[in-house]
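>>> show me how the following folds:
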Amino acid sequence: MARVEVYTTASCPYCVRAKRLLEERRIPYDEFDVGSDPELRAAVVARSGGRRTVPQIFIDGRAIGGFEELAALDAAGGLADLRVDAAF
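Prediction:
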């Protein structure tokens, strides 16, 4: 199973949308709030190639981008293999 990491802040509507999409697709993810952790936020900016917005989403360590990129990946069928029930 691929590891999905979602870096968020508490008041971000795109973070809510990204998490909702993952939940609707039955894709487990780990959420990390960068809103009150400047060191974690700086690490995420570095990992994402300089992107400062949230959410920042990583699949198996690869930077995907934010909600719009996640939605485009979903529309292209790229999330289908990540579903909890994909093996069944």
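
>>> give me the longest helix you can find in this structure.
helix 13-24 (DSSP state H).

>>> keeping just the C-alphas, turn that one into PDB.
Written as PDB, here are the backbone C-alpha positions of helix 13-24 (Å, rounded to 0.1, in the frame of the first residue of the first chain):
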ATOM      1  CA  PRO A  13     -10.600  24.900   2.600                       C
ATOM      2  CA  TYR A  14      -8.500  23.100   0.000                       C
ATOM      3  CA  CYS A  15      -7.100  20.900   2.700                       C
ATOM      4  CA  VAL A  16     -10.700  19.900   3.600                       C
ATOM      5  CA  ARG A  17     -11.400  19.100   0.000                       C
ATOM      6  CA  ALA A  18      -8.300  17.000  -0.500                       C
ATOM      7  CA  LYS A  19      -9.000  15.000   2.600                       C
ATOM      8  CA  ARG A  20     -12.600  14.500   1.600                       C
ATOM      9  CA  LEU A  21     -11.600  13.300  -1.900                       C
ATOM     10  CA  LEU A  22      -9.200  10.800  -0.300                       C
ATOM     11  CA  GLU A  23     -11.800   9.600   2.100                       C
ATOM     12  CA  GLU A  24     -14.400   9.300  -0.700                       C
END
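
>>> what is that helix packed up against?
Secondary-structure packing of helix 13-24 (3 or more Cβ pairs under 8 Å, 6 or more residues apart in numbering; DSSP states H and E): strand 4-8, helix 67-75. Bear in mind the C-beta positions are built from the backbone N, C-alpha and C, glycine included.

>>> now the residue nearest to the spatial centre of the chain: how far from Val84?
Nearest residue to the geometric centre of the chain (Cα atoms, centre = their mean): Ile57, 2.7 Å. Distance, Ile57 to Val84, by Cβ to Cβ, to the nearest Å: 17 Å.
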